[in-house]
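Undergrad: Attaching a predicted model along with its sequence, questions to come.
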Amino acid sequence: MTYEAVLAEAKDSMVKSLEHLHAKLRTVRTARASSALVDNIRVDYYGTLTPLSQLSAISIPEPRQIVIKPFDASVLKEVEKAIMKSDLGITPQNDGKVLRLQMPPLSGEQRKKYAAKVKEMGEEGRIAMRNGRREFNKRADGLAKSGELTEDDNRQLHDEIQKLLKDYEKRVDDVLEKKVAEIMEI
């Protein structure tokens, strides 16, 4: 393994951590409806737990409404049960063809709770990135020990990995700031 390979892997690791954080943040409720809120819901479809998005068309006709139209009308009751069991806390309105999820406005207390949850997720992302830094610094030290890297190159690689971490931590902060603003929006 070379200097460039370690640096490239470190960057790839940071990118993946940031993407994972983005994916987790999409499932956090904000003032607006989002199809990502129902992404994690699994429906018992003929004995198999199937993602809701594979069984139905999900649309957002209004800022506070999610409409779910199953491709197979016979599964409507199962979809409704799955939504009721989920942690969304919303009772779907069933008109026989589609389910409508009306998103109630968030209270001030709920907004604070969700904002705290988002910050906690951000810290988990930072921790994952720091663990990656530690791992890649160990790899660099191993290369220096085996003689594949000079001591100066090893120190420089540590510095590059640190710069990378700081850059991605800044990106995490920006993402969190944006998400918290979205949650606090009335």
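TA: Nice, I can see it.
Undergrad: N40: what's it in contact with?
TA: Shown in contact with N40 (Cβ atoms under 8 Å, 6 or more residues apart in numbering): 27, 86. For the C-beta atoms, the positions are set from N, CA and C on the backbone; glycine is no exception.
Undergrad: do the same with E9
TA: Taking Cβ under 8 Å, 6+ apart as the test, what E9 contacts is F136.
Undergrad: mind listing the strands for this structure?
TA: In the chain, the segments counted as strands under DSSP state E are 42-45, 48-51, 56-62, 65-70, 93-94, 99-102.
Undergrad: so what pLDDT did the residue positioned nearest the centre of the chain get?
TA: Computing the C-alpha centroid of the chain and ranking residues by Cα atoms, centre = their mean puts K24 first, at 1.8 Å. Per-residue pLDDT puts K24 at 87.
Undergrad: Next, find the distance separating the residue lying farthest from the centre of the chain from N154.
TA: The outermost residue of the chain, judged against the average C-alpha position, is G147 (40.1 Å), by Cα atoms, centre = their mean. Relative to N154, G147 is positioned 11 Å away (Cβ to Cβ, to the nearest Å).
Undergrad: looking at the strands of the chain, which is buried most?
TA: Highest mean neighbour count of those: strand 65-70, a mean of 20 (counted as mean count of other Cβ atoms under 10 Å).
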